[in-house]
Structures are given as C-alpha cells and as structure tokens.
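Engineer: No sequence on hand, only this structure:
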C-alpha cells in the first residue's frame, strides 16, 4: 500500500471513530443528562408545593395554639358568653387570620360554638356542612396523639369532610400557662378552595391542581398514577407533550390516609432548548470534522506524499541503473527538500570517500609489517608497567615462592625498609609471626579476596594491615602480586563508630520522646520504647512492618497527611506538625510530630528511611481548647461573648460586601432586668439570664451566632438572612419569652423582651455602624413601651 493510500485510510479511520464517540456522548450522556435535570427540576417544584402546604399548616397550628391556650377561651368553654363572641369571634377575626371555620367543642363532645365564613363573598355559611353537630372522643379531630404535656397535644392536617378538603388544626382548650384540666377542643379550619390554591401558586410560582382521590369514582388515569406512587416512590412524572411535564405526589389527611393528589405542570422549555443546541452542535461538529479531513488529505498529498513519491522513484531509478543521482525537487526549502539535497550531497561524498579508501589501503599494507615488529617489543614492557602501577595507594610486591622480586615505593615506606632491602626478602617477614601460617594457606589456595592481618615493620612495630593477592604471568612464569594497605586509621574509625553507635543506641532506646524509623516513609523498621508505649505495642517484634495507615485516625486523614506533607519530605524539609494518631487499641491521642528524610540528597531517596519523633500532647490540646473556649464564651450563660460576636460580625460583614448575601442583627434587652435583681436578688436574675439563653439557643439556627454582650443585653448575628426572616425570628424569641415563667417565692415571674432588628444596607460603612443602627431600633422598641420588636432596614421604615 502506498504512502498516499495509508494516509487516506488512517485519516478516515480517525474521522469515523471520532464521529462515533461524539455521537455516543450525545446519545448516552448529554441527552439523558438533560432529562435527569428536567426531572430533578420537576421534583423540586412538587416539593415546593408540599412545603408551602406544610407552612400553611404550621401557621394554622401556631394560631390555634395561641387561641386554645388562653384564659378567655378557657372561661368561654366553661361558661359561654355573647361578650366573648362579640369581642373575639366576629368577621374580622376570620378575615385577619385567614380562617373559614372556628369550632369550639366541650369535653363531652357538645359544640359550644361553630361558625363558617366565605371570606371572598363575605357570606356566613352553615358550619354543619363541614363538621358534625356532636363530636365523639374517637372523632379524628379530637383524637390527639397524647404524648408529652398538654401544650404538646395537637392535631393538624387535611380533613376530608363531606364538602371536600379543609385545612384543620385542633388543640385542647387550656389556660394561658398551658395548664388543665382540658375543658374541650378548639378547631380552626381553612377551605382548600381555588382561592387558596391560587395563593399557593403565587407563593411557589408553580402551576398545579389538587385531585380528590377519596371520591368513590376516580378516572382510570388517576387510578393508574396512584398505583405508581408509594412510600418508596413518592413522585411520579408523566410527559404530556414536548412542552409540558406533569409531576405527581400524594398529600395525606389527618388520619394518614391518601387524600389529595398534587398535579404540577412544569414547562419543558429548558430541555427543548438544550436538545436543539446539542443537535445543532452535533451537526456542526460532523460538518467541520469532514471539511477538516478533506483539507488535511489534500494538504498532505500536495506537500508530503507527492514530493516523497517523486524522490523515492528517482532514488530507486538511480540505484537500479547506476546513473548519477540528481535532486528532483531543488526548489523545496523544507524538510523534504533538505532530505533530497542531503541525498545528493551524501552520494557525492561517498564517491570521494571511495577514492580516498583505495589510496589508504596501499599505505596500510606498507605499515603493517613495521607495526608487527614494534608491537612485540612493547608488549613485555607494557605488562611490567601495568603490574607495578595498577594500584595507586597500596604497597605492591611481586613474589615468587615467597621471595620479593619487585616492589613499589609505597611498600618500602609502609614497612620502613629501603627498596633494595625488600628485593630478595621473604615476604612473610613483613607479617607478624602469629599470622604467617594463615598467609601461607591463602597463598597455597590461591585466595584472591582481601583479608586483615597484622604487619611487622623493620623496627618491630606491629600495625593492622589489609592484604589482597592474585596470580599473574610475569616474564614467562606465574608469580603472585600482592597489594598491602595500612588500615590503622580505618581501625580507629571503626572503633570510634562502634562507640558512637552504642551511645546513640542508648540515647535512642531511653529517649523521653517516641522515635520511629520508616522505610519508604510508610512502614515501621525500628522504634524506641517510648514510641512503642505511645502506640500501644509491647515489643518491636509486634510492631515491625507496621503500616502508617494503622496509626492514623482514618483513611481520609492518612491521605490528607500524605497530600500535605509528602512533598515536603521529598524536598528535604523538616516537618513539624500537631496531628491526631491512633493507638493499637483504637484510642486517639494528639501528638507533636517532627519528621525528616535520612537521605541528604535533593530530592532524598525515601527508601533509605524517614525518622519521626513524637510525643503525647493530648492534655496540652485539652488545655488549649479550654483557653480558646474561655476566650470566646460567656462564663454565666455558656454562649458566645461580645468579643467573639464582634470578630465574627466583621468577617460576615466582609463576606456580605463580597458576595451580596443578606446580613441581619437582632439586639435584645431583657425588660426591667435591674428591677428583677433589686427585688428578687441576683440569683433570680441569673436564672432569668440562663433561662433566656436556653430558650434562645433552641430558637436560633445553627448558622446564627447567639451572644451575650453584657448584663441583660444579648444579640443574634444572622448570616445570609434578609430583614423579613430576621424579624420573624425576633418575634419568636419575644413570644417564647413572654410565655416563660420564672418561679420564685411561689409566684410566676413574667419577664419580657425588647428587640431591635437591622439589615445591612449598601450605605453602611462598617459592622460597628450596623450595631449602632440596631441599637437605635432597640431604643425605639423600649421607648414604645417594651415587649415588642422594631425592625429597620431596606424594606421597612419603622
């Protein structure tokens, strides 16, 4: 196959494979991904509807509790009066609280009061259409889940009456301080009509309808949908057409039975646009890829395949016919042109080189005879020179049957003999007597390995000596050449190293901190007693080879440690860090770790080892944590203090400036707190502070910062919170505190709150200014009579 054909085949193959991959990505990843996004969006819309319903129920239950736990309602059930009806049960009560039905039942089941209103037509309705004349104990509206105190008895949800679904909340009638005995039941209701659904649509911005599934006859399509919904599959989605997707979910009544089917209509505009964009991108990708392929084939044929074909044909023709080679493409100035020019230059150079080789061959023949005679004379001289100077530092001697035939200057200096004295001497005289027999055995056996003996100098001095010998040819016979080295210094160094090693081992084993040597930075090779004690191992045999994974608290912490510090080890740095480790029995302790690679190269070879030193600092960490807590917590209430509140407030203020999120503050002052201290004593005042702290901690969110600024002044920092939500939280705090009673001297002390709320605006320069503005709102609340919330910010003026 020609080069041109191969190029075409390869490019077509790449095009086909790339096209198939792109098509597969669109079909199996991008299009299904759009459908998943669509369903997730639909589910969020259905959830939004259900949450809106729950929110309305929560509001209705809160309102019902306020009315049921009220002395006036309690007295009315005991002795009904027209004054109570006139003051509290007029049309304005229904309208202001968005109520359609109010029913009061005594504990015998007799209806004390029951009235219904159509708020849109302002017509009074017959309440008997919605609720029975007499309610028995087993009736679902008064069949409370009787758990906890009386104030926690309640029932709220959807009640499927004869006229249709009604939002219902019922509570036992109690005194204002939530005490009994229970005299009856208060029932609030709101019609689940088209006006209510319209309100929910405006809240959620989701178009939906509710289908009553308690009717005896429901359509087959609804029955089919109900069969697909269960506790395991609470949602069902159905495509109406290319523009609309239906989402379904169930709402249950107060008895837990299926009551209503939520049907939400969701636009599929995003999916349609995404699919169209993907199809367009797919077509454009294929068209551009095909155009690029054709252009690439044409360019390769014109600039590479064509010229290479002409060059190949010309070279083959010149080689076959023996003609002289000429460059077929002299006008090319790229790599192919350079290749053709190099071919031409190489052919000319080879022709010239062949002529030179013929001349050199004749000269070589003449030189060979002369060189052979010279080489024979040089061979013997070179052999002797190589033997005597093979080693540069040791003493060298040539022995024949023990007699020294030749030696170097180093051997003479080492032994104290003159060079002439060494020649003809028995070499064993240079060895101390007790070692001579061993040396004879080494010579007889032809041992070529180095060994240590004691040498003997001319003056009788004995010194450590390393000897190594081997048999060599020498002037036509076999002799033994020996190299001797004075190792006095080496022996001293070895003894010193042994002493230092003993000292270091003693220090290592008895160190006050744990020391570990790791192979490859991960596996334990050696550890001292303190390290084994800290890790919970009795001996080195138990811990040897221990993976560092096992001493980390978790696999995630082990991986985190590697990411943070492994590169530092590779750079040769000393690592110092405080980290949590795990003992053999699973207990966790804090340790101060110091580690460094043993290899001094850069980067170091971790296989040569890493040394770690560590000790238990758990108590130190506990003390530090206590100090940190003392620095940010109020000692009396246990919540954050003013210092921490101001520091975090500045951080949240900067975040609000950067990202534009909401930021609000609630300033709280306990009304007439000084009078409480003066009249009842500071111990009661402390109980009031502690009680409010407990109450407030249960109401504010985990993301909020609840702090005592000093005395009876508190504050709440609410990140990412608009003024409306902040005012709701402040009102909850005020209402909850108003219901609290501090028992002292047999009486229930009522303590109220004044609250100022402020939301950060663009013209606020600093967090300190926010606090000042919130203080002004608090001052207004106190000036208006206390026990109230005053909000100021971007959406209210007072």
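Structural biologist: All right, it came through fine. In this text, all values refer to a predicted model and were calculated from it rather than measured experimentally. Numbering: from 1, shown residues only.
Engineer: Show me the domain layout of this structure.
Structural biologist: Per automatic domain parsing, the domain ranges recorded for the chain read 69-205, 206-267, 389-483, 510-623, 633-792.
Engineer: so how far is the first residue of the second one from its last?
Structural biologist: Terminal residues of domain 206-267 lie 10 Å apart, using CA to CA, to the nearest Å.
Engineer: How far off centre is it?
Structural biologist: For domain 206-267, the separation from the chain centroid amounts to 39 Å (computed by CA atoms, centre = their mean, to the nearest Å).
Engineer: and it, what's its mean pLDDT?
Structural biologist: Domain 206-267 comes out with an average pLDDT of 79.
Engineer: ok, now the last one?
Structural biologist: The average pLDDT for domain 633-792 rounds to 92.
Engineer: Quick check: end-to-end length of that domain?
Structural biologist: 29 Å.
Engineer: And the domains of the chain: which comes nearest residue 357?
Structural biologist: Among the domains of the chain, domain 389-483 comes nearest to residue 357, with 38.9 Å by CB to CB. (C-beta placed from N, C-alpha, C; glycine too.)
Engineer: ok, back up a step: now the domains of the chain as JSON lines including distance to residue 493?
Structural biologist: Formatted as JSON lines, the domains of the chain follow (distance: least, CB to CB, whole Å):
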{"stretch": "domain 69-205", "distance to residue 493": "85"}
{"stretch": "domain 206-267", "distance to residue 493": "79"}
{"stretch": "domain 389-483", "distance to residue 493": "12"}
{"stretch": "domain 510-623", "distance to residue 493": "20"}
{"stretch": "domain 633-792", "distance to residue 493": "61"}
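Engineer: Out of those, which is closest to residue 302?
Structural biologist: Nearest to residue 302, of all the domains of the chain, is domain 206-267, at 48.7 Å by CB to CB.
Engineer: quick revisit: tell me which of the domains of the chain sits nearest to residue 498.
Structural biologist: Closest approach to residue 498 among the domains of the chain (CB to CB): domain 389-483, 15.1 Å.
Engineer: can you map out the helices along the stretch 251-400 of the chain?
Structural biologist: 269-300, 306-321, 335-388 (DSSP state H, counting those that start in this stretch).
Engineer: what would those helices look like in JSON lines with mean neighbour count and distance to residue 522?
Structural biologist: Formatted as JSON lines, those follow (neighbours: other CB atoms under 10 Å; distance: least, CB to CB, whole Å):
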{"stretch": "helix 269-300", "mean neighbour count": "13", "distance to residue 522": "47"}
{"stretch": "helix 306-321", "mean neighbour count": "14", "distance to residue 522": "55"}
{"stretch": "helix 335-388", "mean neighbour count": "11", "distance to residue 522": "50"}
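Engineer: Using a markdown table, lay out those together with distance to residue 569.
Structural biologist: Formatted as a markdown table, the helices of the stretch 251-400 of the chain follow (distance: least, CB to CB, whole Å):
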| stretch | distance to residue 569 |
| --- | --- |
| helix 269-300 | 47 |
| helix 306-321 | 53 |
| helix 335-388 | 47 |
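Engineer: do you know which of these lies nearest residue 679?
Structural biologist: Closest approach to residue 679 among those is made by helix 269-300 (65.5 Å; CB to CB).
Engineer: On the three-state scheme, residue 231 is what?
Structural biologist: Secondary structure assignment for residue 231 (DSSP: H, G, I helix; E, B strand; the rest coil): coil.
Engineer: ah, wrong one, I meant residue 177
Structural biologist: coil.
Engineer: show me where the stretch 451-600 of the chain has strands.
Structural biologist: 451-456, 462-474, 477-486, 514-519, 523-527, 575-582, 588-597 (DSSP state E, counting those that start in this stretch).
Engineer: Which secondary structure elements does the last one sit against?
Structural biologist: Other helices and strands packing on strand 588-597, by 3 or more CB pairs under 8 Å, 6 or more residues apart in numbering; DSSP states H and E, are helix 555-570, strand 575-582, strand 610-614, helix 618-632.
Engineer: show me the contacts for residue 652.
Structural biologist: Neighbouring residues of residue 652 by CB atoms under 8 Å, 6 or more residues apart in numbering: 663, 717, 719, 767.
Engineer: Can you tell me how far it is from residue 514?
Structural biologist: Separation of residue 652 from residue 514 (CB to CB, to the nearest Å) stands at 43 Å.
Engineer: Now residue 254. Nearest residue, chain neighbours left out?
Structural biologist: Ranked by CB to CB, 6 or more residues apart in numbering and with sequence neighbours excluded, the top spatial neighbour of residue 254 is residue 157, at 3.9 Å.
Engineer: Please report phi then psi for that neighbour.
Structural biologist: phi 160, psi -160 (degrees, to the nearest 10).
Engineer: Tell me the confidence at it?
Structural biologist: So residue 157 comes in at 85 (pLDDT).
Engineer: do the same with residue 45
Structural biologist: 81.
Engineer: So what's the residue count around it?
Structural biologist: 20 (other CB atoms under 10 Å).
Engineer: which residue sits closest to it, ignoring its sequence neighbours?
Structural biologist: Leaving aside its sequence neighbours, residue 45 sits nearest to residue 206 (CB to CB, 6+ apart; 4.5 Å).
Engineer: sorry, back to before: could you redo the strands of the stretch 451-600 of the chain as a markdown table and give each row mean neighbour count and mean pLDDT?
Structural biologist: A markdown table is the format used below for the strands of the stretch 451-600 of the chain (neighbours: other CB atoms under 10 Å; pLDDT from 0 to 100):
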| stretch | mean neighbour count | mean pLDDT |
| --- | --- | --- |
| strand 451-456 | 17 | 92 |
| strand 462-474 | 16 | 90 |
| strand 477-486 | 18 | 89 |
| strand 514-519 | 20 | 88 |
| strand 523-527 | 18 | 89 |
| strand 575-582 | 16 | 89 |
| strand 588-597 | 18 | 89 |
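Engineer: circling back to that earlier point, pick the one among the contacts of residue 652 closest to residue 422.
Structural biologist: Nearest to residue 422 among the contacts of residue 652 is residue 719, at 95.1 Å by CB to CB.
Engineer: Run a quick check on that closest one versus residue 654, I expect a contact.
Structural biologist: No. Using CB atoms under 8 Å, residue 719 is not in contact with residue 654; the gap is 11.5 Å.
Engineer: just how off-centre is stretch 735-753 within its chain?
Structural biologist: Taking the mean of its C-alpha atoms, stretch 735-753 sits 47 Å from the chain's own mean (CA atoms, centre = their mean).
Engineer: for stretch 361-370, that is, sorry about that
Structural biologist: 81 Å.
Engineer: again with stretch 462-474
Structural biologist: Stretch 462-474 sits 67 Å away from the centroid of its parent chain (CA atoms, centre = their mean).
Engineer: who's in contact with that stretch?
Structural biologist: So stretch 462-474 is contacted by 383-384, 387, 398-400, 405, 431-432, 439, 442-443, 446-457, 478-488, 490-491 (CB under 8 Å, 6+ apart).
Engineer: quick one on the thing from earlier: surely the residue nearest to residue 254 meets residue 260?
Structural biologist: No. If you go by CB under 8 Å, residue 157 and residue 260 don't touch, sitting 11.0 Å apart.
Engineer: still on that earlier bit, neighbour count for the contacts of residue 652 - can I get that in JSON lines?
Structural biologist: Output for the contacts of residue 652, formatted as JSON lines (neighbours: other CB atoms under 10 Å):
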{"residue": "663", "neighbour count": "26"}
{"residue": "717", "neighbour count": "27"}
{"residue": "719", "neighbour count": "19"}
{"residue": "767", "neighbour count": "23"}
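Engineer: quick one: the helices in the stretch 1-150 of the chain?
Structural biologist: Assigned by DSSP H, counting those that start in this stretch, the stretch 1-150 of the chain shows helices spanning 3-25, 31-68, 71-78, 82-88, 91-96.
Engineer: Turn those helices into CSV, columns for distance to residue 735.
Structural biologist: Formatted as CSV, these follow (distance: least, CB to CB, whole Å):
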stretch, distance to residue 735
helix 3-25, 57
helix 31-68, 9
helix 71-78, 17
helix 82-88, 19
helix 91-96, 17
